[in-house]
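Trainee: Could you look at this predicted model? Sequence included:
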Amino acid sequence: MDRRDFIKTLGIAGGAALVGGTVGVPVAAAEVRAEAGPDPLLKDVCDIHIHCLPDTRPRCIDEFTLAGQAKAAGYKCVMFKSNDWSCHDRAYLVRQALPDFEVFGSICMNRVHGDKVNVFAAEQAVKTSGGLCRCIWMPTLSAAYQHQRDKLPGPGIPVLDPQGKVLPEVIRVMEICAEADIIFASGHSSPQESLILAKQAKEIGVKKFVVTHVNSLIWKMTRDQINQAVDLGAFVEYCYLPRLWGPGTGNPQFERQSRREFLNYVKTVPERSFISTDLGQRGNPNPIDGMRQCIRELLAAGIPQKEINLMVRSNPAHLIGLNK
């Protein structure tokens with residue numbers, strides 16, 4: 001067994017996939033699909049929100065194996081996200097084994113980096129070899145908003161002060177993202193916090209401000225809020241994960257989002273939107289199978305190909321820095 005096969009074997013431990021194109025149907029835990037090769041539906045796709053091993057939470061596949069599958073399927077790029085650890089340094093190594101494929105990483109400002117948004121961690125991330133950190137997320141699982149809503153212990157990490165103003169360390173990270181021309185993402189901030197961040201980002205000159213998963217759980221935005229964010233220069237992210245979770249999946253505690261609700265979101269402002277899978281959790285589909293199912297669903301609903309291209313190709317490619 002060579003090194004690639006060894007790593008691949010590690011990567012297929014656990015997981016789930018889509019069966020015959022049916023959304024959310026679990027399969028045997030050891031079966032991780034997306035090995036079929038080139039797929040015209042997936043040509044030049046950019047998925048810039050994927051969770052893989054190594055991580056502190058159970059995942060269905062590792063970064064190296066997923067990147068190889070994405071390259072074989074015809075993707076243009078992937079970007080990995082961990083709620084705890086940076087991924088951009090690993091992206092540098094994955095690229096050595098997968099030449100001619102665009103792999104990127106990111107960093108989240110969670111508690112592993114301290115009790116507040118860590119400016120030094122952000123500075124070092126953008127200095128790391130290869131320049132592959134293309135997104136700095138505000139706190140996610142450590143966010144003050146999530147701690148409040150989910151009644152988690154401790155206050156969480158804030159992005160605003162008690163008067164509702166953006167904290168100085170958050171402003172400095174915005175400046176770092178603006179200088180490096182990378183994504184500043186709202187993380188698990190509340191919809192109202194995200195709008196305040198968007199206003200501040202516009203004043204600073206952040207060109208790639210992203211409000212994350214605006215169709216998910218406690219971060220859902222109204223149509224009016226989405227339009228406000230866009231008017232402030234933001235891009236909005238829709239995740240396909242809510243269309244897949246529910247009983248019998250890796251996230252059984254959540255109610256699956258209806259097809260109608262998901263489509264209502266993606267139709268809002270496609271010119272300033274993009275779709276990520278947010279997949280990689282053990283018990284959920286392989287992210288590539290999830291993206292394939294998403295595109296099929298959009299096509300079946302009559303979403304114009306031009307708008308699909310914007311949301312899964314052009315806009316994420318622009319944000320990641322591939323479309324100059």
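Mentor: Structure received.

Trainee: so who does Thr222 touch?
Mentor: Pro191 (CB atoms under 8 Å, 6 or more residues apart in numbering). Where C-beta positions appear, they are placed from N, C-alpha and C, glycine not excepted.

Trainee: Any chance you could list what contacts the biggest strand by length in the chain?
Mentor: The longest strand of the chain (DSSP state E) is strand 102-108. With contact meaning CB under 8 Å, 6+ apart, strand 102-108 is reached by 48, 63, 67, 76-84, 86-91, 94-95, 113, 121-122, 125, 132-140, 183, 185, 187, 320, 322.

Trainee: Okay, and which of the residues you listed map to helices?
Mentor: If you go by DSSP state H, the contacts of strand 102-108 have 63, 67, 88-91, 94-95, 121-122, 125, 320 in helices.

Trainee: Looking at those residues, which is nearest Asn227?
Mentor: Here the nearest of the ones in helices among the contacts of strand 102-108 to Asn227, counting by CB to CB, is Ile320; it sits at 24.3 Å.

Trainee: Check which residues of stretch 264-279 are buried.
Mentor: If you call a residue buried by 16 or more other CB atoms under 10 Å, then stretch 264-279 has these buried ones: 265-266, 268-270, 272-279.

Trainee: hmm, back to that, any of the contacts of strand 102-108 buried? List them.
Mentor: Looks like the contacts of strand 102-108 have 48, 63, 67, 76-84, 86-91, 94-95, 113, 121-122, 125, 132-140, 183, 185, 187, 320, 322 buried, using 16+ other CB under 10 Å.

Trainee: State the number of residues packed around Gly246.
Mentor: 16 (other CB atoms under 10 Å).

Trainee: Spit out the contact partners of the residue nearest to it when sequence neighbours are not counted.
Mentor: Once flanking residues are discounted, Gly246 sits nearest to Arg256: 3.8 Å by CB to CB, 6 or more residues apart in numbering. Taking CB under 8 Å, 6+ apart, we find Arg256 in contact with 24, 242-246.

Trainee: and Arg256, which of the three is it?
Mentor: Three-state assignment for Arg256 (DSSP: H, G, I helix; E, B strand; the rest coil): coil.

Trainee: so who does Gly229 touch?
Mentor: Residue 229: Ala, not Gly. The contact partners of Ala229, taken as CB under 8 Å, 6+ apart, are 194-195, 198, 211, 214, 221, 236.

Trainee: Actually, Ser189.
Mentor: Counting by CB under 8 Å, 6+ apart, the residues that Ser189 touches are 138-139, 143, 145, 159, 197, 219.

Trainee: Now, these that are in helices?
Mentor: Checking the contacts of Ser189 against DSSP H, those in helices are 145, 197.

Trainee: mind putting the contacts of Ser189 in JSON lines, pLDDT and distance to Val230 included?
Mentor: Shown next, in JSON lines, are the contacts of Ser189 (pLDDT from 0 to 100; distance: CB to CB, whole Å):
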{"residue": "Met138", "pLDDT": "98", "distance to Val230": "19"}
{"residue": "Pro139", "pLDDT": "98", "distance to Val230": "23"}
{"residue": "Ala143", "pLDDT": "98", "distance to Val230": "22"}
{"residue": "Tyr145", "pLDDT": "98", "distance to Val230": "21"}
{"residue": "Val159", "pLDDT": "98", "distance to Val230": "20"}
{"residue": "Leu197", "pLDDT": "98", "distance to Val230": "14"}
{"residue": "Trp219", "pLDDT": "98", "distance to Val230": "16"}
